[in-house]
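Enquirer: Here you go, sequence then predicted model.
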There are 2 protein chains.
Amino acid sequence: MLFEITQQSSECAARTGIIHTDHGDIHTPIFMPVGTQASVKSLDSSDVKNTGAEIILANTYHLHLRPGEDLIDTAGGLHRFMGWDGPILTDSGGFQVYSISDQRKITEEGVIFRSHIDGHKLLFTPENVMDTQRIIGADIIMAFDECTPYPATKEYATNSMHTTHRWLDRCITRFNETEPIYGHSQQLFPIIQGSVFEDLRLQSTEYCLKQDTEGIAIGGLSVGEPHEDMYRITEQICNIVPKDKPRYLMGVGTPANLLECIHLGIDMFDCVMPTRNARNGMLFTKEGTINIINKKWEDDYSPVDEDHTPQYSKAYLKHLFKAKEYLGAQIASEHNLRFYLWLVTEARKQILADTFLPWKNKMIAKLNLRL
Amino acid sequence: MLFEITQQSSECAARTGIIHTDHGDIHTPIFMPVGTQASVKSLDSSDVKNTGAEIILANTYHLHLRPGEDLIDTAGGLHRFMGWDGPILTDSGGFQVYSISDQRKITEEGVIFRSHIDGHKLLFTPENVMDTQRIIGADIIMAFDECTPYPATKEYATNSMHTTHRWLDRCITRFNETEPIYGHSQQLFPIIQGSVFEDLRLQSTEYCLKQDTEGIAIGGLSVGEPHEDMYRITEQICNIVPKDKPRYLMGVGTPANLLECIHLGIDMFDCVMPTRNARNGMLFTKEGTINIINKKWEDDYSPVDEDHTPQYSKAYLKHLFKAKEYLGAQIASEHNLRFYLWLVTEARKQILADTFLPWKNKMIAKLNLRL
């Protein structure tokens, strides 16, 4: 993998680039649709391609439970298992450990927790998470971290960060001892923690940078903290990380979050929001958000969105949701992903034309409107 | 509309033909995917087109409840409302009256029954059902009938048939008094009833034929009677109906049912089976049926079906069902419809080559296998 910067904004930290992987190029800034269980919810592989997605994300935790790495191994890796020939990134399970925290026990060795499916006990360690990600075979794999909850005391955040750092060392060791299985290369990204404390974030960024990986990720944001904190920490980290590393802000966010963080120098994003909100009838458009459940759309025969979903009217989509036809969730999910991919593609164009900043400010004013 | 026969088998009653409608030609024998609520479940319009479907079916009963004919009227008809530019056929609601029979009251005027959604009282009459179908705007619309339950006494079946006949007269009168709304022509098909009694079926066929409609339908089959009765009645009716009318066997059926009834001279079919069974994990292939829930497919990395779904393995599809990912139902639904449309297309080719009968016998032996 090699990251090349193709344009740097003259007005802010925004930049465009290309991440080269053995499964193809990723043009940054990029949004990665989430395919937790080897499926981007309610889209097939060709639908996903049609949204403009260049890379998708899958979850080590979920894939370990179902179908399990043995079946993925026999299939020849996740790309072949799910019929997706583009790049894939896998999350390490650190976030799942965080989000099911009432049932976890963190030790120096790793985390003991219970399967959300059948309650059986699982132990995730830096080593076995690296092994699993080797078998899954994603192009970019993530270090096993503890995602520090928000809010956290300074003491908790400090200890938690040090655990993440010690685990990172073990991840790197295991990663270097092992080889890719399927003939394509894999890159490991460390995850910066430290909650909303700038001294910890500085320490963690420096620790992660020492590992000299091809890219770097920011974890522990978008976990309930105010947007101002998210932006403050993101800006701080982007100012420290050398320009030649792609920066991945994990689990972010709304369309406005994406634009603000592109502005600060972020290159990669993932979030369940476009698909999850779609299933609840929420649509993102460049004029603002639509709640298609709302009665006002019942007799609105204008397209859901002229640019991304011209073939269906709002009235029809509302009917599908009202009639509980799953096609409603499908159309809305595909729409929202098309919109997210359009947004990052347009951001790239604006950065290349060095017109990003005024465009971003104009867009954000509209993105937050409720139509 | 005009029906032309393009080939008549020399060995049996099977034939190929073309039904011309203002929304395009339908090559018969044809299978019509069911889009009850203006949506073929879990397929969007382009997916439906990709299955090879040339006409889809929608339900007057369901559309009357949701979204209601006012909204369809404002949209400019069902074609525009749902974004489907091919031919559409609407069932009249007679079958829904049958299938919710514990809450219905049949009178001479029509049927009083309760909405399955909110329990409010509805009255369907031959006249208002014609009016609703004018507003929906399907290319082929069905007479309002009483679908005689099975089993029925001879007396019940006789009275029920006469009701259907009197309602047919009223449907024809109303149909002739009204005009298509959207500029394309509509054709009304009468429905032959008479349960499994040949003398009643003869009487009903002759009654329906007197109306001199462009096509004719057989109702009251595939409602629980043995397959032998279905085939016996279908054969009897096909022997009476003049060759120049397309014959639509309502609600049928399995792939083997389709081939047997094509053999007897049927031109049009519809059934929820391919999509409903798909949602339960049942796949139709030309080698037999697959229950993808079965553990045996867990590590089978061969394609779901080389011809119709080559891009996904059985192991992946099984994983999606196990993980409760809705994409499983989507892939299976699209697969089954592709298979049904392949089956009727292949039947056409075999009839044109006058090799239908041996091909049908060979196929049926395999279609009934469980893989």
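Expert: Yes, it's here.
Enquirer: in what helix or strand does the nearest residue to A:Gly93 once chain neighbours are set aside lie?
Expert: Leaving aside its sequence neighbours, A:Gly93 sits nearest to A:Tyr61 (C-beta to C-beta, 6 or more residues apart in numbering or on different chains; 3.8 Å). Just so you know, the C-beta spots here come from the backbone N, C-alpha and C atoms, and that holds for glycine as well. Here A:Tyr61 sits within helix A:60-65, counting by DSSP states H and E.
Enquirer: Chain B contacts on the stretch 201-350 of chain A?
Expert: Neighbours of chain B within the stretch 201-350 of chain A, by C-beta under 8 Å from any C-beta of the partner chain: A:298-299, A:301, A:311-313, A:315-316, A:319-320, A:322-323, A:325-327, A:329-331.
Enquirer: Please disregard the earlier target; I meant the stretch 51-200 of chain A.
Expert: A:62, A:66-67, A:71, A:74-76, A:80-83.
Enquirer: can you pick the most crowded of those?
Expert: Of all these, A:Met82 has the most neighbours under the rule other C-beta atoms under 10 Å in any protein chain shown, reaching 28 neighbours.
Enquirer: From what I see, that residue and A:Gln37 are in contact.
Expert: No - look at A:Met82 against A:Gln37 with C-beta atoms under 8 Å: they stay out of range, at 9.5 Å.
Enquirer: what is in contact with the two at once?
Expert: By C-beta atoms under 8 Å, 6 or more residues apart in numbering or on different chains, A:Met82 and A:Gln37 have these common neighbours: A:Ala58.
Enquirer: Where does the prediction get shaky in chain A?
Expert: Along chain A, the model assigns pLDDT under 70 to residues A:1, A:101.
Enquirer: quick one: contacts for the residue of the stretch 51-200 of chain A at minimum distance from chain B?
Expert: Nearest residue of the stretch 51-200 of chain A to chain B: A:Pro67, at 4.4 Å (C-beta to the nearest C-beta). The contact partners of A:Pro67, by C-beta under 8 Å, 6+ apart, come to A:38, A:81, B:298, B:315, B:319, B:322-323.
Enquirer: and if you look at A:His23?
Expert: Neighbouring residues of A:His23 by C-beta under 8 Å, 6+ apart: A:79, A:85-88, A:139, A:184.
Enquirer: What distance do you get for it to B:His319?
Expert: The gap separating A:His23 from B:His319 is 21 Å, by C-beta to C-beta, to the nearest Å.
Enquirer: on that earlier part again, for the helix holding A:Tyr61, the distance to its chain's centre please.
Expert: Helix A:60-65 sits 16 Å away from the centroid of its parent chain (C-alpha atoms, centre = their mean, to the nearest Å).
Enquirer: Quick one: residues in contact with that helix.
Expert: Helix A:60-65 is touched from outside by A:36-38, A:69, A:72, A:78, A:90-93, A:96-97, A:115-117, A:122, A:124, A:129, A:132-133, A:136, A:142, B:323, with contacts defined as C-beta under 8 Å, 6+ apart.
Enquirer: and the residues you listed, which are buried?
Expert: A:36-38, A:69, A:72, A:78, A:90-93, A:96-97, A:122, A:124, A:129, A:132-133, A:136, A:142, B:323 (16 or more other C-beta atoms under 10 Å in any protein chain shown).
Enquirer: Inside strands: which ones of those?
Expert: A:90-91, A:122, A:124, A:142 (DSSP state E).
Enquirer: And the furthest pair within the residues you listed?
Expert: With C-beta to C-beta as the measure, no two of these lie farther apart than A:Leu122 and A:Met142, at 17.6 Å.
Enquirer: For stretch A:9-20, what is the spacing between the initial and final residues?
Expert: Using C-alpha to C-alpha, to the nearest Å, the end-to-end distance of stretch A:9-20 comes out at 21 Å.
Enquirer: In it, which of the residues would be classed as buried?
Expert: Buried, per 16+ other C-beta under 10 Å, within stretch A:9-20: A:9, A:13-19.
Enquirer: Of these, which fall within the contact range of chain B?
Expert: The subset of the buried residues of stretch A:9-20 within reach of chain B, by C-beta under 8 Å from any C-beta, is empty.
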